[in-house]
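1. okay, predicted coordinates and the sequence, questions at the end:
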Amino acid sequence: MAAAKLSAVSEQAIIHAKQVIVSHALFAGVGGKLPTNVQLLEEHGIVAGTIQRALQILSASEALVTRSKGHMGREITQLDTGTCWNLAKLAPVQLLMPSSGSIEIDALIKHITAKLTALNIAYFIEHQPGGEKRVELVNKGKFDIALVSKGAADNMSSALETWQQKCLKPDSYYSMQRLVVVSRADKPQTQWRRIAIDPASSDHSSITQKQFPIEEGFEYLETDFRHVPARVLRGDVDAGLWHITASPVPLELAGLQAHRLSEPAAIEQHQAISAAAFVVNPKRPELVALLDEINSRQLQNAQSNAFSSEDPYAKAFSSL
């Protein structure tokens, strides 16, 4: 019985060693270095024999292969993210995503979930509005990966570490073709005065203020950005910025029309904040390896294909 207990303790020690080693390896990447035996002992209480056994297990499965650099530690020469993750029994990934509906965001969500599935990494997904709120929850360690705009990531009161985020190209979160001003078709622009604005969204507020400067006589009315078409139809506001989502009834048939951003300052602001950004939990450095799996070109192609194959009956505005 004592031997069985000792064996269980030993097994737990090896699992712990694998988790620590794999977390360091996934953060460092191929060409990076693992901590030395002395560092692993001092920082994590892992003895040399356990380190060696853990490395043998990982190497035998070709999950992690290293080359000894003597007192400088071990250089990583081969790394398989999915196999490492599963051999080390790392925790599933908690995704915090925006509400789906727009082509750009749906393609981004599909890309990250497909990558996790291909790596055989378990994940859970929740959706929540508010980019800054999503970043805040991930930064506090309540979730692991948030998808937001670059604008939301840059707007955080406490700066994110560089390694915590991966930014894509402008247009990848808000395409210039899909972030539009909505108004009633029967109301000319010269009669626009009341403009919808969402103070809870720094992105919506900043572009709205550039497109409709208050010094030019526009009046702002607080509106959830998702409700802009409804509030325009009801006559509560004359116009408002809206990120196009699929619609069961074309909004043109309801009497709405869409206009592209026209003010140079608004277009410039769009380019500054419209990139997609994936932000990871600072308490889980191994998540960096998952950011590395995100392929910008594949995403660009997926979004482009989704635009070209959009269901014509789900288009809010067929003229765009």
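-> Happy to help now that I have it.

2. flag every buried residue along the helix or strand harbouring Ile125.
-> With secondary structure defined by DSSP states H and E, Ile125 is part of strand 123-127. Neighbour-count burial for strand 123-127, with 16 or more other Cβ atoms under 10 Å as criterion, is recorded at Tyr123. No exception for glycine: its C-beta is placed from N, CA and C like everyone else's.

3. check which helices and strands that strand sits against.
-> Using 3 or more Cβ pairs under 8 Å, 6 or more residues apart in numbering; DSSP states H and E as the contact criterion, the secondary-structure elements in contact with strand 123-127 are strand 93-97, helix 103-118.

4. just checking, Asp106 touches Phe307?
-> No. Look at Asp106 against Phe307 with Cβ atoms under 8 Å: they stay out of range, at 11.2 Å.

5. number of nearby residues for the nearest residue to Ser100 once chain neighbours are set aside?
-> Distance criterion Cβ to Cβ, 6 or more residues apart in numbering; nearest residue to Ser100, sequence neighbours excluded, is Asp106 at 5.2 Å. Burial of Asp106 is recorded as 18 neighbouring residues (other Cβ atoms under 10 Å).

6. also the one 5 residues further on?
-> Neighbour count of His111, defined by other Cβ under 10 Å: 21.

7. hmm, back to that, wait, which of the helices and strands packed on strand 123-127 is closest to Ile76?
-> Comparing the helices and strands packed on strand 123-127 by their distance to Ile76 (Cβ to Cβ), the top pick is helix 103-118, with 20.6 Å.

8. the strand holding Ile125: what's the following helix or strand?
-> Toward the C-terminal end, the helix or strand that comes next after strand 123-127 (DSSP H and E) is helix 131-139.

9. what strands flank the following helix or strand past that following helix, and is each parallel or antiparallel?
-> Once the chain leaves helix 131-139, the next helix or strand it forms, by DSSP H and E, is strand 145-149. Strand 145-149 has the following strand partners under DSSP bridges: strand 93-97 (parallel), strand 276-280 (antiparallel).

10. buried stuff in the first one?
-> Looking back up the chat, that one is strand 93-97. Residues of strand 93-97 classed as buried under the neighbour-count rule (16+ other Cβ under 10 Å) are Val93, Gln94, Leu95, Leu96, Met97.

11. again with stretch 72-79
-> By neighbour count with 16+ other Cβ under 10 Å, stretch 72-79 contains the buried residues Gly73, Arg74, Glu75, Ile76, Leu79.

12. do stretch 246-260 as well
-> Judged by neighbour count using 16+ other Cβ under 10 Å, the buried positions of stretch 246-260 are Ser247, Pro250, Leu251, Glu252, Leu256, Gln257, Ala258.

13. same thing with stretch 121-138?
-> When neighbours are counted by 16+ other Cβ under 10 Å, the buried residues of stretch 121-138 are found to be Ile121, Tyr123, Gly130, Gly131, Glu132, Arg134, Val135, Glu136, Leu137, Val138.
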